[in-house]
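Visitor: Could you look at this predicted model? Sequence included:
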Amino acid sequence: MPGISREEVAHLARLSRLELGAEELDHLATQLDDIIGAVARVGEVAADDIPPTSHPLPLTNVMRPDEIRPGLTPEQALSGAPAAEDQRFRVPRILGEEQ
Amino acid sequence: MADLTRLTAAETASRIAVGEISAVEVAQAHLDRIAEVDGKVHAFLHVDTEGALEAAKAVDERRAKGDALGPLAGVPLALKDVFTTRGVPTTCGSKILEGWVPPYDATVTRRLKEAGVVILGKTNMDEFAMGSSTENSAYGPTGNPWDLARIPGGSGGGSAAALAAFEAPLAIGTDTGGSIRQPAAVTGTVGVKPTYGGVSRYGLVAFSSSLDQGGPCARTVLDAALLHAAIAGHDPLDSTSVDAPVPDVVAAARAGDVRGLRVGVVKEFAGEGYQAGVLQRFDEAVELLRGLGAEVVEISCPHFDYAMPAYYLIAPSEASSNLARFDAMRYGLRVGDNGDRSAEEVMSLTREAGFGAEVKRRIMLGTYALSSGYYDAYYGQAQKVRTLITRDFDAAFAQVDVLVSPTTPTTAFPIGERADDPMAMYLADLCTIPSNMAGNAAMSLPCGLAPEDGLPVGLQIIAPAMADDRLYKVGAAVEAAYLDRWGAPLLDQAPAL
């Protein structure tokens, strides 16, 4: 398995929505390379005929009765909002000029 | 009057129940103790003095009215700051949640309140429970009461330190790869990771959803059992909660016995990286079990060697997805919103400012492991290893009733020693991770002090899923035998703070 490049780490940071500084990027690139090198060992034992386990419990489609229950009031739901207006979360613009 | 902070939870509750002491007196004694020592220990991120005294007063009033009190009514508890508490700050040890006051209680929080447990405050932890030393908290490290210059384990170092410093007789932790058991081991306390799904995750801020499990921390096996019984059981608000009766852990803790029990010693949990004094105390614990009438056999679990690499793919993958919720829009920190920047730019700036180094590392690692082109080689392979580990356990439990191992390869290491060496830090969870991968139940309890450094060593007991009671039956027998041998609880040997 090839090592992870600085460009790849910068791409991962964008995907992860982390505005990393240059120094942080260098430091993380080295550490991630070490960690990925070590965890790649999982490839040594897991053969094609082994089914994957995503979860310890064999649960599917857990449902509850479709009944109305008390929930948070708008005030409670907005109580931690960085900004709110008219019972809604106020957020920075989500579309660019051309959109 | 005897020091109320030295009592067990069981003793405290029974003295309150007969009116010998009041719940308010007990709460006040612990608040005083926190005021006295927590400046040095830093187990707590938030002390809820008013809420604790109010809850204690309510217990005293119910007693005065002649209401029946539960087995933990009036007992103080330290709650890991990863459970939501209505009206009380919840930070998960992160700057991104600084000042956040949840509008709802976690199911664990609600059940504790219903049991009359007095919540003293919220305990320090590695940020979002990612770590093995509590050094990753954005609010500074916690000291190990045995030696304040050493780590109290992690991620639940605050909860374990609060117990060892006699700031609380009970605490709640969460265990994703060992975060209850490893802190218990290095602080000389008891910690239990229940069967996955045994304790509701509703209101437990998610790190790795298929591994996270809340559970009890205490100074005695019986106290842990009483707390386990108070918080466990099916919860319709958590779709992964097991809908089955909770094993009778309290009865098991009251009837410790290992006669005729088949105990497996996992041979992979030894060798390179294990401290000599840890292995010595572990070998003595195995001899003790044999002396108590258990049949000891060696068991091989060949795939456990791959548990750590698989864990550091699965947990970060799930974390990278779970932590996407910290988007600076609905709650928590928002940085850089100057009116010009887009929501995406604000989100990236906020996450950069709000998350610490380990959290960023794991988000990046998880994003990598899940990205197209790498998914099969990393996350996919790790999931197959998870199957192999579960099969190793199945084969082992076909031969034995419980497995035992050291809880951690070493005793508490000095604060700072592994802080910027992630791979060295990850080794602390070598023996605890397999149980999270398989979802079974495991306990750590003290088995002495390592001769070379005088620090606590933990014995891990592992039982099959939904056989949590077995942990308590074995743990109680081992604890009683050690108490006989030592003449006093291990924590009596801890230095005064």
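Guide: Nice, thanks for sending it over.
Visitor: Tell me the secondary structure of the residue lying closest to residue B:357 once chain neighbours are set aside, please.
Guide: Spatial nearest neighbour of residue B:357, excluding adjacent residues (CB to CB, 6 or more residues apart in numbering or on different chains): residue B:136 at 7.6 Å. Where you see a C-beta, it was placed from the backbone N, CA and C, and this is true even at glycine. Judged by DSSP: H, G, I helix; E, B strand; the rest coil, the three-state class of residue B:136 is coil.
Visitor: who's in contact with residue B:136?
Guide: By CB atoms under 8 Å, 6 or more residues apart in numbering or on different chains, the residues touching residue B:136 are B:93, B:126, B:127, B:130, B:154, B:155, B:356, B:357, B:358, B:359.
Visitor: Neighbours of the nearest residue to residue B:326 once chain neighbours are set aside, how many?
Guide: Leaving aside its chain neighbours, residue B:326 sits nearest to residue B:96 (5.2 Å; criterion: CB to CB, 6+ apart). Neighbour count for residue B:96, taken as other CB atoms under 10 Å in any protein chain shown: 25.
Visitor: Could you do residue B:452 as well?
Guide: By the criterion of other CB under 10 Å, residue B:452 has 12 neighbours.
Visitor: ok, now residue B:62?
Guide: Look at residue B:62: counted by other CB under 10 Å, it has 17 neighbours.
Visitor: tell me which element it is part of?
Guide: Residue B:62 is part of helix B:49-64 when elements are defined by DSSP states H and E.
Visitor: do the same with residue B:473
Guide: helix B:468-486.
Visitor: quick one: buried residues of stretch B:414-423?
Guide: B:415, B:418, B:419, B:422 (16 or more other CB atoms under 10 Å in any protein chain shown).
Visitor: cool, stretch B:96-103 as well?
Guide: Per 16+ other CB under 10 Å, stretch B:96-103 contains these buried residues: B:96, B:97, B:100, B:102, B:103.
Visitor: Mind giving me the packing neighbours of the helix holding residue B:473?
Guide: strand B:190-193, helix B:221-231, helix B:249-254, helix B:276-291, strand B:402-406, strand B:441-449, strand B:456-463 (3 or more CB pairs under 8 Å, 6 or more residues apart in numbering or on different chains; DSSP states H and E).
Visitor: how about the residue nearest the centre of chain A, what does it touch?
Guide: Geometric centre of chain A, nearest residue: residue A:16, 6.7 Å, by CA atoms, centre = their mean. Applying CB under 8 Å, 6+ apart, we find residue A:16 in contact with B:320, B:351, B:360, B:363, B:364, B:367.
Visitor: show me the contacts for the last one.
Guide: For residue B:367, the contact set (CB under 8 Å, 6+ apart) comprises A:12, A:15, A:16, B:320.
Visitor: That one belongs to a helix, doesn't it?
Guide: Yes: assessed by three-state DSSP, residue B:367 belongs to a helix.
Visitor: which one of the contacts of residue B:136 is nearest chain A?
Guide: The nearest member of the contacts of residue B:136 to chain A, counting by CB to the nearest CB, is residue B:357 at 8.1 Å.
Visitor: shaky segments in chain B?
Guide: Filtered on pLDDT under 70, chain B yields the residue ranges B:1-2.
Visitor: And the residue positioned nearest the centre of it, how close does it get to chain A?
Guide: In chain B, the C-alpha nearest the mean C-alpha coordinate belongs to residue B:180, at 2.0 Å (CA atoms, centre = their mean). Relative to chain A, residue B:180 is positioned 16 Å away (CB to the nearest CB, to the nearest Å).
Visitor: What of residue B:306?
Guide: In terms of CB to the nearest CB, residue B:306 sits 6 Å off from chain A.
Visitor: unless I'm mixing things up, that residue is touching residue A:42, no?
Guide: Yes: using CB atoms under 8 Å, residue B:306 is in contact with residue A:42, at 6.0 Å.
Visitor: if we can go back for a sec, compare the contacts of residue B:136 and tell me which has the most neighbours.
Guide: Compared across the contacts of residue B:136, residue B:155 has the highest neighbour count, 34 neighbours, by other CB under 10 Å.
Visitor: Test my guess that that residue contacts residue B:179.
Guide: Yes: the pair residue B:155 and residue B:179 qualifies as a contact (CB under 8 Å) at a distance of 4.1 Å.
Visitor: Which single residue of chain A ends up nearest chain B?
Guide: For chain A, CB to the nearest CB, closest residue to chain B: residue A:56, 2.5 Å.
Visitor: that older thread, show me the contacts for the residue nearest to residue B:326.
Guide: B:326, B:332, B:333, B:350, B:351, B:354, B:355.
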